[in-house]
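Q: Provide a 3D model corresponding to the input given below.
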Amino acid sequence: MIMKIISNIFLLVLMMFLTACSGNRKAAAGGGDDITSQPVGPAFSADSAYAYCEKQCSFGPRTMNSEAHEQCGEWIAGKFEEFGMTVTRQQATLNGYDGTPLKATNIIASYRPEQADRILLCAHWDTRPWADNDPDSANWRKPVMGANDGASGIAVMLEIARLLAADMAKLAVGVDFVCFDAEDWGVPRWSDVPDNGDSFALGAQYWSVNPHKDGYKARYGILLDMVGGQGSQFWREGMSMQYAPDLVKKVWAAAKTVGYGSLFVDKDGAMVTDDHVPVNEKAKIPTIDIIAFYPDCRESTFGPTWHTVNDTMENIDKSTLGAVGQTVIQVLYSEKGE
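A: Sure thing, here's the model as predicted:
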């Protein structure tokens, strides 16, 4: 009887040992597929992200070829450099839908550039030159401040960069923060020029075929677009589900882990033409779009301030910035090295 008990105990211990070994192998091999079941990484500061958003708006609308655009671009690059990132300014003259030459600068800030294994985070930093979805047609040719549509995504990335720089426990992977330019010079609704969708995301289109580093590869990419609006929810964007459904699942699981499952809704949203499309199709990096979705908004499913003169700091919600930022932190700190 005693020998049988000892034998059973031995078998139980052996099974536990083998299970632990199997789990360790799975964690090591899983790479970007598994999300840690407990919150990990530093606390994201929504106040800090809000301040970065506000600073961008202090330059005025960052429309292409404007002085505000140039000044803000230098500030963004300077902040990343302040955080110890290796910064590349990728400059190009791109043609707008109307033939306007656009002096564009994609700003790429690299954390741990020596690491071959990399994650891509991206957002656009220019703003819409025309408030062509404003309820008052008198505003349709006025520029948009872009507190949400532009500044919010950059603000979240800047705060993440600050946290990475301050954390002595280095990530197992490198991170590239790519700030795309010339995203919002797309055909306005008052124009009679046909729009096939290619008039948007010009900076992302350029970078996707001319990356800042020859042969650039990343495990995956996450695009942040309109991630600070009041009342925002984030549904599973259609193009993201087409190109990177497993990554969508991973990010939405991370949101639940850090307590923001109510904002990252397990429902399918619209298919959006955004910067992640050329990154998927041309750069061949599986990339998703975390983008606000308002299913019941009369003005637009992108929210009531989208492409209006009301896209200002008064309509930015710190808690939304915090939810998105902490979710991305959870994703990054769940990564294992290869």
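
Q: what is the strand or helix carrying residue 80 packed up against?
A: Residue 80 belongs to helix 67-82 when assigned by DSSP states H and E. Contact analysis of helix 67-82 by 3 or more C-beta pairs under 8 Å, 6 or more residues apart in numbering; DSSP states H and E lists helix 46-58, strand 86-95, strand 101-111, helix 153-166 as its packing neighbours. Every C-beta, even on glycine, is put in place using the N, C-alpha and C of the backbone.

Q: what lies in contact with the first one?
A: Contact partners of helix 46-58, identified using C-beta atoms under 8 Å, 6 or more residues apart in numbering, comprise 62, 72, 75-76, 79, 125, 145-147, 150-152, 154-156, 158-159, 162, 228, 312-313, 316, 318-319, 321-322, 325.

Q: got it, and the longest one?
A: Contacting residues not belonging to helix 153-166 are listed as 41-42, 44-45, 48-50, 52-53, 56, 76, 79-80, 83-85, 109, 111, 121-125, 171, 175, 177, 179, 223-228, 321, 324-325, 328-329, 332 [C-beta under 8 Å, 6+ apart].

Q: from those residues, keep the buried residues only.
A: 41, 44-45, 48-50, 52-53, 56, 76, 79-80, 83, 85, 109, 111, 121-125, 171, 175, 177, 179, 223-228, 321, 324-325, 328-329, 332 (16 or more other C-beta atoms under 10 Å).

Q: does residue 106 touch residue 177 like I think?
A: No. Taking contacts as C-beta atoms under 8 Å, residue 106 lies outside contact range of residue 177: 11.0 Å.

Q: tell me how many other residues crowd residue 331.
A: By other C-beta atoms under 10 Å, 26 other residues sit near residue 331.

Q: residue 57 too?
A: 22.

Q: could you do residue 170 as well?
A: So residue 170, with other C-beta under 10 Å, has 11 neighbours.

Q: got the contact list for the spatially closest residue to it that is not a sequence neighbour?
A: Distances taken as C-beta to C-beta, 6 or more residues apart in numbering place residue 112 nearest to residue 170, at 6.8 Å, with adjacent residues excluded. In this structure, residue 112 makes contact with 170, 171, 173, 174, 175, judged by C-beta under 8 Å, 6+ apart.

Q: and residue 100, by the same measure?
A: 64, 65, 185.

Q: so where's the stretch 51-200 of the chain uncertain?
A: Residues of the stretch 51-200 of the chain meeting the criterion pLDDT under 70: none.

Q: isn't residue 187 up against residue 195?
A: Yes. Contact status for residue 187 versus residue 195: in contact at 3.8 Å, counting by C-beta under 8 Å.

Q: got any residues that touch both of the two?
A: Common neighbours of residue 187 and residue 195 (C-beta under 8 Å, 6+ apart) are residue 97.

Q: so between these two, which is more surrounded?
A: Neighbour comparison, residue 187 and residue 195: the larger count goes to residue 187, with 19 against 14 (by other C-beta under 10 Å).

Q: quick one: residue 119 is in a strand?
A: Yes. Residue 119: assigned to a strand according to DSSP: H, G, I helix; E, B strand; the rest coil.

Q: is it true that it touches residue 178?
A: No. Using C-beta under 8 Å, residue 119 is not in contact with residue 178; the gap is 11.0 Å.

Q: in stretch 314-330, which residues are buried?
A: Buried residues in stretch 314-330 (16+ other C-beta under 10 Å): 315-318, 320-330.

Q: which of the residues you listed fall in helices?
A: 318, 320, 321, 322, 323, 324, 325, 326, 327, 328, 329, 330 (DSSP state H).

Q: tell me who's in contact with the closest residue to residue 324 other than its chain neighbours.
A: Leaving aside its chain neighbours, residue 324 sits nearest to residue 227 (4.3 Å; criterion: C-beta to C-beta, 6+ apart). The contact partners of residue 227, by C-beta under 8 Å, 6+ apart, come to 148, 152, 153, 156, 234, 290, 291, 292, 320, 321, 324.
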